[in-house]
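Visitor: Next comes the sequence, and after it the predicted model I'd like to discuss.
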Amino acid sequence: MRRPNLATRPFENVRPVWVAGVALALAALVLTGISLADFTSAHGRERAAIVSLARLRARRADLVAKVDAANRQLAAVGWKKLQGETTSLEEVVARRKLVWSQLLADLERVVPWDIRLVSITPSVTEDGSLQIVLDGLATGRDAWLKLIAVLFADPKFSDPIPRSEDAPSARNGEGYRFSLTVRYWPEGKP
């Protein structure tokens, strides 16, 4: 038997459409909530960055003011006078570092027996070594050249440069007179 259709229109099943619409609405609500949470956290980070930037700008302005004040103070310094004082103080410190007993022991070790030193004049150089002027007498030119060779070979001396030499004569009856400059490194050559 046939059932009569009492509906004025044909039956349409809209339940899947409603279920999909509700699911989409719920998804839209969840995504909107996530977007709002991201927006508020990003807005908070932006506010924190703005506050940090303002604090850093204030600190920079403070540092610029301090640098300008320091530059004004440094501009008032007499640099040439200060450099001269510093150089003379460095020379005094370097001279005080000179241990005469060590220098004399090192010279005694390298000077041959047939040479007599008459004068030793040290002066400080910028690289920390000592420039020493040695004046002396030798029994002959061979002894004088032997001294130069020994100074070249020794690790505590370098760059021996003859300044003058005077062979024995009627005016100089003591022996072969010489003068040389040598660099002395108390701790050894670098």
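Guide: In hand now; what should we look at?
Visitor: And stretch 27-44, how far out from the chain middle?
Guide: 51 Å (Cα atoms, centre = their mean, to the nearest Å).
Visitor: Using CSV, list the CA coordinates for that stretch.
Guide: This file holds the C-alpha atoms of stretch 27-44, laid out as CSV (Å, rounded to 0.1, in the frame of the first residue of the first chain):
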residue,chain,number,x,y,z
ALA,A,27,35.8,26.5,13.8
ALA,A,28,35.4,30.2,13.0
LEU,A,29,34.9,30.9,16.7
VAL,A,30,38.0,28.9,17.7
LEU,A,31,40.1,30.6,15.0
THR,A,32,38.8,34.0,16.0
GLY,A,33,39.7,33.2,19.7
ILE,A,34,43.2,32.1,18.6
SER,A,35,43.6,35.2,16.4
LEU,A,36,42.5,37.4,19.3
ALA,A,37,45.0,35.7,21.7
ASP,A,38,47.8,36.2,19.1
PHE,A,39,46.8,39.8,18.6
THR,A,40,46.8,40.6,22.3
SER,A,41,50.1,38.8,22.9
ALA,A,42,51.6,40.6,19.9
HIS,A,43,50.2,43.9,21.1
GLY,A,44,51.7,43.2,24.6
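Visitor: Report the rounded mean pLDDT for it.
Guide: What stretch 27-44 shows for mean pLDDT is 91.
Visitor: I'd like the next helix or strand past the helix-or-strand element of the chain with minimal mean pLDDT.
Guide: With mean pLDDT, DSSP states H and E as the measure, the helix or strand of the chain carrying the lowest mean pLDDT is helix 79-97 (a mean of 70). Using DSSP states H and E, the next helix or strand after helix 79-97 towards the C-terminus is helix 100-110.
Visitor: Wait, residue 143 touches residue 176, no?
Guide: Yes. Look at residue 143 against residue 176 with Cβ atoms under 8 Å: they come within range, at 7.3 Å. (Each C-beta comes from the backbone N, C-alpha and C, glycine too.)
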